[in-house]
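Chemist: kindly return the folded structure for what I paste below:
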Amino acid sequence: MYSDRRTFLKSTAAGVVSATAATLASTAPVAAQAARVGAFEMPRNMTLLNMRTAAAPRLGVKLPEGVLDVAAAAARYKLPAPVDTDDLLQNGKGAMLATLVAAATDGPAGLYLQEGAIQHAPLVTRPEKIIMMGFNYRRHAAETGTPIPANPTLFNKFNNTLNHHGGTIVLPTAAAKQFDYEVELVIAFGRECRNVSEADALNYVAGYCTGNDFSARDLQYLTSQFMIGKTFDGFAPLGPHLVTSDLVGDPNNLRLECRVNGEQRQDWNTNDMIFNCRQLISFASKMMTIKPGDILFTGTPHGVVFGKPKAEQVWLKPGDRVVCSVEKLGELAFSLA
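Modeler: Numbering: from 1, shown residues only. Coordinates of the predicted model:
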């Protein structure tokens, strides 16, 4: 796969950066050529992450050698580069990033970090929209006694909810008591999306990641609207990686899993969605203009605390550790305080 990646990246950069050692040795011509990369493009063939720094999130690309520090590589090769995933997606800098990664292939070890030493930041920090989907798995609808919806049940979260791999959710225990997990496949958009067909819907997807629609059930059902039980600070962890859609393939054939303190609570497949990813995107795009960098949570399968008989409901509490995973996308872990 490494050789395929190298071939892809170098071919993407063809006409922008020569792959020869002679060209890499002279950064001025490379920079002049790279300046012509202005087309709005989604990233491809990449596993991406945001690294936490004292100033702001910083983009990394996971490669066999380690995590490429994009800012460090850009400084070394005097090439433009996206600052973080928001800049990458919202400003269509996929070709720009591919050019830089191609230039950094076989670069010095100092450009690469070991992921275990990285502090992750949220995969996105400033999307225009965080779109949520409720009751989108048949067995989850059944366990909660909810009729199968005739149309997607959309709601929203806000940017204050965004959280990261390795992060902590401080439970708002003064306001709520019934805290629950929801592992979900999350879609990240790379193109503006409005009134798209189901057939074309996936062409607007930049990538996918693992997410958790953390919830306070006693507030979620306090009124007819879900919002107040969903929008506390940190209630939307994402991570650890944003994997571009070409590396994922069919998003409706992925295993999802959630564990609490090592105990498996959810284990299912996205093929059980009531409305698949194509249908969700098409439906949402008829209601609003979806912008590059927006994200869409696609719903959770059965196994949540809320779905158990009342006598068996043991709500999450400070000190618990939640680990979620979606096949091909990595394992998202966070703690409760």
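Chemist: I'd assumed P149 was in a helix, is it?
Modeler: No: secondary structure of P149, determined by DSSP: H, G, I helix; E, B strand; the rest coil: coil, with no helix assignment.
Chemist: quick check: the residue nearest to it when sequence neighbours are not counted vs D200, distance?
Modeler: Counting by Cβ to Cβ, 6 or more residues apart in numbering, P149 lies nearest to F135, which is 5.8 Å off, once chain neighbours are set aside. Every C-beta, even on glycine, is put in place using the N, C-alpha and C of the backbone. Here the distance between F135 and D200 works out to 26 Å (Cβ to Cβ, to the nearest Å).
Chemist: one more: I228?
Modeler: In this view, I228 and D200 are 35 Å apart by Cβ to Cβ.
Chemist: then N269?
Modeler: As for N269, its distance to D200 is 24 Å (criterion: Cβ to Cβ).
Chemist: do the same with S282
Modeler: Between S282 and D200 the computed distance is 8 Å (Cβ to Cβ).
Chemist: now swap in I281 and tell me
Modeler: 9 Å.
Chemist: before we move on, what about F306?
Modeler: Using Cβ to Cβ, one obtains 35 Å as the distance from F306 to D200.
Chemist: more crowded one of S282 and D200?
Modeler: Neighbours around S282 and D200, counted as other Cβ atoms under 10 Å, are more numerous at S282. The numbers are 21 against 13.
Chemist: now for the closest residue to that one other than its chain neighbours, how many residues are close by?
Modeler: Counting by Cβ to Cβ, 6+ apart, the nearest residue to S282 once its immediate chain neighbours are dropped is E198, at 4.5 Å. One way to gauge burial is a neighbour count; for E198, by other Cβ under 10 Å, it gives 14.
Chemist: and A75, by the same measure?
Modeler: A75: 12 neighbours (other Cβ under 10 Å).
Chemist: secondary structure element holding it?
Modeler: With elements taken from DSSP states H and E, the one containing A75 is helix 70-77.
Chemist: residues in contact with that helix?
Modeler: The set of residues that contact helix 70-77 without belonging to it, under Cβ atoms under 8 Å, 6 or more residues apart in numbering, is 24, 27, 30-31, 58-61, 79-83, 97, 100-101, 103-104, 107-108, 110-111.
Chemist: of the residues you listed, select the buried ones using a ChimeraX command.
Modeler: Of the contacts of helix 70-77, the buried ones can be selected in ChimeraX as follows, counting by 16 or more other Cβ atoms under 10 Å:
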select :24,30,58,59,60,61,79,81,82,83,97,100,101,103,104,107,111
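Chemist: ranges for the strands of the stretch 101-250 of the chain?
Modeler: Listed in chain order, the strands of the stretch 101-250 of the chain (DSSP state E, counting those that start in this stretch) span residues 112-113, 130-134, 153-157, 162-164, 167-169, 179-180, 183-189, 205-212, 215-216, 236-238, 242-244.
Chemist: of those strands, which is nearest T300?
Modeler: Across those, T300 has its closest neighbour in strand 183-189 (5.2 Å, Cβ to Cβ).
Chemist: against which helices or strands is the helix or strand hosting C324 packed?
Modeler: When secondary structure is defined using DSSP H and E, the element that contains C324 is strand 321-326. Contact partners of strand 321-326 among helices and strands, from 3 or more Cβ pairs under 8 Å, 6 or more residues apart in numbering; DSSP states H and E: strand 183-189, strand 205-212, strand 255-260, strand 330-336.
Chemist: would you list those in CSV and tack on mean pLDDT, mean neighbour count and distance to P237?
Modeler: Shown next, in CSV, are the helices and strands packed on strand 321-326 (pLDDT from 0 to 100; neighbours: other Cβ atoms under 10 Å; distance: least, Cβ to Cβ, whole Å):
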stretch, mean pLDDT, mean neighbour count, distance to P237
strand 183-189, 98, 27, 10
strand 205-212, 98, 27, 5
strand 255-260, 98, 20, 12
strand 330-336, 98, 20, 5
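Chemist: dump those strands into CSV; add distance to C324 as well.
Modeler: Shown next, in CSV, are the helices and strands packed on strand 321-326 (distance: least, Cβ to Cβ, whole Å):
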stretch, distance to C324
strand 183-189, 4
strand 205-212, 5
strand 255-260, 5
strand 330-336, 5
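Chemist: show me the contacts for the residue nearest to S282.
Modeler: E198 makes contact with R278, Q279, I281, S282, according to Cβ under 8 Å, 6+ apart.
Chemist: which ones among those residues lie within helices?
Modeler: The members of those that map onto helices under DSSP state H are R278, Q279, I281, S282.
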